[in-house]
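Engineer: Structure for the following, please:
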Amino acid sequence: MAYSFGASCAALGDATRRAIFERVAARPTAVGELARGLPVSRPAVSQHLRVLKDAGLVQESSEGTRRIYRVDPRGIGAMRDWLDAHWGSALEAFKDFADGEV
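Structural biologist: This is a model prediction of the structure:
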């Protein structure tokens, strides 16, 4: 699987998916537990998880009859690599902007 910053950003562009991702990032979690407290159905949570999985942000494993979702470090690594590659120029641009505001 190729990990893409663009796919990751697109997947996290939805507020419900961000909430699901944040819960999974806090600790590995089953679908039923993720669905509790969200304003969407359990099948909708499963669909959101599929988008996150396709974007390389989460991975799943089986524990008995449950599917447990956890953060996929490879997808997070791809996001980090992209940000690291652009961070220096972003800081420089911000510095130039801030210097011009004085």
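Engineer: Contact partners for the nearest residue to Ala55 once chain neighbours are set aside?
Structural biologist: Using C-beta to C-beta, 6 or more residues apart in numbering and skipping the chain neighbours, the partner closest in space to Ala55 is Ala11 (3.7 Å). (Each C-beta comes from the backbone N, C-alpha and C, glycine too.) Ala11 sits next to Arg17, Val51, Leu52, Asp54, Ala55, Leu57 when contact means C-beta atoms under 8 Å, 6 or more residues apart in numbering.
Engineer: Just the buried subset of the residues you listed, written out for PyMOL, thanks.
Structural biologist: To isolate the buried subset of those in PyMOL, counting by 16 or more other C-beta atoms under 10 Å, use the following:
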select buried, resi 17+51+52+55+57
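Engineer: Name the helix or strand for Asn59, please.
Structural biologist: Quick fix: residue 59 reads Gln, not Asn. Assigned by DSSP states H and E, Gln59 belongs to strand 58-63.
Engineer: C-alpha coordinates for that strand, PDB please?
Structural biologist: Taking Å, rounded to 0.1, in the frame of the first residue of the first chain, the C-alpha atoms of strand 58-63 are listed here in PDB:
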ATOM      1  CA  VAL A  58      -5.800   2.900  10.700                       C
ATOM      2  CA  GLN A  59      -5.400  -0.800  10.500                       C
ATOM      3  CA  GLU A  60      -7.600  -3.600  11.800                       C
ATOM      4  CA  SER A  61      -7.000  -6.900  13.500                       C
ATOM      5  CA  SER A  62      -9.300  -9.600  14.800                       C
ATOM      6  CA  GLU A  63      -9.700 -10.400  18.500                       C
END
